[in-house]
Every structure is written in structure tokens, then in C-alpha cells.
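S.K.: Build me a model:
(chains A and B)
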2 protein chains.
Amino acid sequence: MKKSATFGIDIGGTNTTLGLVDGEGNCLFEESFPTQAHESFSKFYSRLSEKMAAILERFGNEYHLQGIGAAAPTGNYARGIIEAPSNFKWGKVDFVNILRQHFDLPVAITNDAKAAALGEMEFGAAKGMLNFMVVTLGTGVGSGIVVNGSLIYGHDGLAGEFGHTTIKPGGRQCGCGRCGCLETYVSSRGICRTVFELLARSNCSSELRQICFNDLTAEKIYQLALRNDGIAISAFEYTGKILGRALADASAYFSPEAIIIFGGLAKAGELLIEPTRRHFEENLLDIYKGKIRLIASKVANGSAAVLGASALIRKEIEKTGNGKN
Amino acid sequence: MKKSATFGIDIGGTNTTLGLVDGEGNCLFEESFPTQAHESFSKFYSRLSEKMAAILERFGNEYHLQGIGAAAPTGNYARGIIEAPSNFKWGKVDFVNILRQHFDLPVAITNDAKAAALGEMEFGAAKGMLNFMVVTLGTGVGSGIVVNGSLIYGHDGLAGEFGHTTIKPGGRQCGCGRCGCLETYVSSRGICRTVFELLARSNCSSELRQICFNDLTAEKIYQLALRNDGIAISAFEYTGKILGRALADASAYFSPEAIIIFGGLAKAGELLIEPTRRHFEENLLDIYKGKIRLIASKVANGSAAVLGASALIRKEIEKTGNGKN
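M.R.: Model prediction:
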């Protein structure tokens, strides 16, 4: 008898990762390719479906495909669509229906942060937890929040916009059209903006004074912080201060068991986690102090959303009780 | 055959309301008495149990008591206790166990805001909703948040401390020991503090200039606002501004269908709701604009927590499948 497997697809702004995942969360095969989000969705989809067909040809004798789960920016679980992500030229994509026309199988989509939360719950640091929060720090800031063992989707699938909670009214201009959103401070772009504020404010010397705004990356700040650059270290300290405070507020809503930090900026590890944890504890209401773990993701970085997307569709199949919905 | 009923008990800082509620949410009998929170819990409990016995004697021929639900400040559902509310001399009270010793029945406790949310879900404005938020504006600010049809308790029963999210870092001193908490701005005490800030800032005349801090109440501000006192109207405007902003942030987490405003300060009606709604919409992320209803509670004020406490224990009984747990 064939074993069952699902496709997990993580559609990112730069790269898309496609994985075939078995029932135990083992990635049998994983492949990445450029998303080319500046082209049409149909071009993307023809490349994706080619790759899926090739994988099925290779594994089809041994595995039976049960369903397809996907994660994408603005992926809306409730509606089964991708709602026009800002860096994509796709417009609104009727993702679930398009895939169902080709594959007569259950298909589900959600956003990257929610998929990461499912991945952490099934295979990562949140195994066995019923109340936790995953925060993704990348180009933007997203969150997947699990309460009573279930992801919060909200009544329209649009819950979890932690990155767009207001940290400073009238603060930094955000891509969403408002000002002072968390992601203007603690994303990989946010920490670059912080560096330029610090360079303007202080007189201390720094290699960062030789890098123009458009060339600066979070990675460069990280490398300079490792080499003891004062501005770079201060930028991580400030990022941790803002993030720690925001997480203390989030904890007042959810009283979670743990908060898991994930994504590009989180690769800085303790350089970011240490100040975040310090400011987090300092700002927590007494009843929560010392009780909420703040940890970095344990799922290998590329895989979390793929595993999460696969977990999403497996949960979907469990709910409907069979392989179809 | 006897019909079934439950006790719903709303323990407030000033008064306690005890109701006998049938399966359709009709309050068969309701009685209020002073809590006298400055005395011991055992004194309170002997008065409470006397009243319960009298009600049972009166209705016992017709109704069969199925369980007891209660709401109290710091009532912790997960642990079944009242965790030393700040204005009570009770210390920690092992509420569920104490009542179970006397009544061989299911007993559950939660806090007033969570009970109000259950009341709204069963009998009020949130009937049929799976994602909504109840905000109680009284001496403090509480919240009962429902996600996927279930209340958020958090891993330790302590979720929903909306009143202790930080609105202004370094802002007004809060009873919790920190600064800038929402409840220092938008509670019935908060609006009094706002009046004193406005009196200090402006020169315009106001009857409020004749009232000292300790004598000022939200009710007096409300009455003066109705008579067009500029400071009083500005105080409601400012309260709505802060509350609207905070609710816009909360919506980014939950994407709720509706937010229901409840409690003492909410009695000011449109005087509070109108500016709150305006600032709420103004601060919402685009994807939520015009989609989240902001409404005043429809449950008769004294009854919501009683009905909610009764709903709490009825849900508990449903879960365990029989009349005992």
C-alpha cells in the first residue's frame, strides 16, 4: 500500500519552496526556485505545476498525494485566495480554485506567518502547546497566533497583523499608508531605518557611516555588531526594546505559553533575542513575569513554512474526515 | 418533570448579584446585595449561601439546579480561584472547591469581562458570532475575547488584560505598578484624570473647575457634557481617541466581526461611542475599514455578567456531557 504525502508550498517574494512531506513531517523532497513575482501568476503557476508533476512522477509509485497546502504573503485561508501582496504583480489570485481545477484534491492556503505557526506546532518548538505566538521578522512583521490549540484567523481570515499594530502614533511612515506601525521598527528594513536615526543622533564613529540607505541591509548591521560596532549594537538594542514592549502588550491579550521568533532578522540570534527578552520582561504585567518563554524557532528556516503549509492541509483533511473537501 | 436552571453570580467590588437562570437565558429571579469586600470571604459566603438556599426553597419544586457559574474580578477559570482582587480583603479564594463542598454540582468561575462576553454570545449582541470582543469600561478596563467561538483564556487563565496594554510608554501611573496602561485613560477613573489634564491645559471656563479630584465622577462629567460643558465634551473626545486607537490595534490581532462596549462608562452612549468609532475607523488598517461593528451592549446592564456566568456553567456541563464534573 502507498504511503500518503502532501505538498507544502512556501511562496515568498523572492523564492518559492516546494516540498513533498510525509505524515510524520519528513520532507521527502524539497526544491526552491525564483518566484519572479513581477511576472503574471499564470507564468508562475505553469512553472510550479511542472515541478509538482516531476516530483509526483518520481515519488508517485511509493506515495499517494493527499492534498496541497500553501503559504503566501496575504494568503487568506477563509477565502482561499492570495489578496494582491504589495510586492507582487499578480493582483488577486483565486489560488485554491485554480489548483483544484488541476488536482482533484483538497487545497488550502494561508499566509507565511500562520503556516510557520502550524509548522512550529506540529514539528517545532511549540509541539504540544495550545497557546503560543509565532512572530516572523522579515521584510515585514507577521504573526501566527494559536489560542486553545487553533490558529486565529478572524471572521474574514485577516487576523494576526501584529506588524501593523501602532507602536508610535505619528511615528515612521509605513507601507500600509499609516504611521508608527511595529514593522517600521523591527523588520529587516526597520532596523536599517533605526541605524540612520542613530547615525543622525550620535557622533560616534561607525563603518555604517560609509553605507548609503539603499545599500544597507540587516545582514550588514549584524556583521558589524559582531565586530563590536557601537551603532550596530545600539540598533539591535533599540529593535529589542520596541519588539519587547510590543510582545509584552501581545501577552496581555493572549497570556501565551511561549513566543517563538522566526524569520530573516531572527537569524541574528541572541544579539536580537537578549535585548528583546530583557525589555519584554521589564514591560510585562506582574502576573505574566517569568512565565512566558521567548525563544528562537527550532524549525530549519527554509522548511518551517513548507512543513506548516503541509500541516495546514493535513488538518483540513482530518476535519473533513476524508481525502476530499 | 422539573425544568433545569443554573445560578449565575456576579461578584462586584460594591454589589453582588445572584440570579437563577433557566435554559433559555431567562432570569427567573435576581437579587443584589452589598459585597462588603472589606470583610472576610467566609462572611460573604455565609450571606451568599443563605440567599441561594432561600431561592432554591422557593423554586426547588419547579426547577432542578444543574450548576453554579460565577464572575468576579481576577476570577481565574483555569484554576477555579479568585486571585486576590486589589479592592477586596479576601486574599486568594479557592472558590470552586469551596462551593463544591456545599453543593455537589459543577461550579466554574471566570472574570466579569469574560462572563459578559459569554452573556453577549448566548443572549446579546454577539449571538451567532464566532469572533468578537467585549470591552468593559468600569473602574478598570477588561475584555472578553472570543475567537473561533471560544473565549481566550490563555495557558494559565490570565488572558484578556486589554486594560493593561500600554498606550503611552511612560504615561499615567497605573495601579498595576507600571505606566501608560489603557485603563489609566479610558476607565471611569481615567476620564476623571483626563478632565484634570484638560483643566490644566486650557483656559476655558467650566463647572468642572469647582470640583476637586476626589469628588469628580464619570457620571458628573457625563451630566456636564449633556449640558454642553466644553471640558466635559473634550474629555469624552479624548477618551474616544485613545480607546479608538487601542481598539484598532486589537482588531489587527483578531479581525473580529464586532466589538461590544459594556460597563459603567459605556452608559454615556453616543457621547463616548461616536468619537471612539471615528478614531477607531481612522486608525484601522485598510483591510479592516468599514467591516468591524462597534456597538454598545444590548444585554441589560446588571444582567450580562449573571447571564454570562450562567452560560459559563452551562457550557461546562455540555462539555462534560452530564450534570457533574
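S.K.: What residues sit buried inside stretch A:195-215?
M.R.: Buried residues in stretch A:195-215, counted by 16 or more other Cβ atoms under 10 Å in any protein chain shown: A:V195, A:F196, A:L198, A:L199, A:S206, A:L208, A:I211. To be clear about C-beta, it is placed using only N, CA and C from the backbone, and glycine gets the same treatment.
S.K.: just curious, which of the residues you listed is nearest to chain B?
M.R.: In terms of Cβ to the nearest Cβ, no member of those lies closer to chain B than A:L198, at 18.7 Å.
S.K.: element containing that closest one?
M.R.: Assigned by DSSP states H and E, A:L198 belongs to helix A:188-201.
S.K.: can I get the CA coordinates of that helix in PDB?
M.R.: The C-alpha coordinates for helix A:188-201 follow below in PDB (Å, rounded to 0.1, in the frame of the first residue of the first chain):
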ATOM      1  CA  SER A 188      14.800  44.000   8.400                       C
ATOM      2  CA  ARG A 189      14.000  47.400   6.800                       C
ATOM      3  CA  GLY A 190      13.100  48.700  10.300                       C
ATOM      4  CA  ILE A 191      16.500  48.100  11.800                       C
ATOM      5  CA  CYS A 192      18.100  49.900   8.800                       C
ATOM      6  CA  ARG A 193      15.900  52.900   9.500                       C
ATOM      7  CA  THR A 194      17.000  52.700  13.100                       C
ATOM      8  CA  VAL A 195      20.600  52.800  12.100                       C
ATOM      9  CA  PHE A 196      20.100  56.000  10.200                       C
ATOM     10  CA  GLU A 197      18.300  57.600  13.100                       C
ATOM     11  CA  LEU A 198      21.200  56.600  15.400                       C
ATOM     12  CA  LEU A 199      23.800  57.900  12.900                       C
ATOM     13  CA  ALA A 200      22.000  61.200  12.900                       C
ATOM     14  CA  ARG A 201      21.600  61.400  16.700                       C
END
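S.K.: Which pLDDT value belongs to the residue of the stretch 201-325 of chain A found nearest chain B?
M.R.: Per Cβ to the nearest Cβ, A:S255 is where the stretch 201-325 of chain A lies closest to chain B, at 2.6 Å. Per-residue pLDDT puts A:S255 at 97.
S.K.: Tell me how far it lies from B:G264.
M.R.: According to Cβ to Cβ, to the nearest Å, A:S255 and B:G264 sit 25 Å apart.
S.K.: for A:E161, same thing?
M.R.: A:E161 is 31 Å from B:G264, by Cβ to Cβ.
S.K.: who has more neighbours, those two?
M.R.: Counted by other Cβ atoms under 10 Å in any protein chain shown, A:E161 and B:G264 do not tie: A:E161 has more neighbours, with 27 against 16.
S.K.: give me phi/psi at the more buried one?
M.R.: The phi/psi pair for A:E161 (degrees, to the nearest 10) reads phi -90, psi 60.
S.K.: My understanding was that it contacts B:D249; is that so?
M.R.: No. With contact defined as Cβ atoms under 8 Å, A:E161 does not count as touching B:D249 (9.7 Å).
S.K.: In this structure A:Y185 contacts A:T239, no?
M.R.: Yes. Counting by Cβ under 8 Å, a contact exists between A:Y185 and A:T239, whose distance comes to 6.8 Å.
S.K.: what does the stretch 51-200 of chain A put close to chain B?
M.R.: Counting by Cβ under 8 Å from any Cβ of the partner chain, the residues of the stretch 51-200 of chain A close to chain B are A:83, A:129-131, A:143, A:145, A:147-148, A:150, A:152-162, A:164-166, A:169, A:176-178.
S.K.: Can you tell me which of the residues you listed end up in helices?
M.R.: Among these, none falls in helices (DSSP state H).
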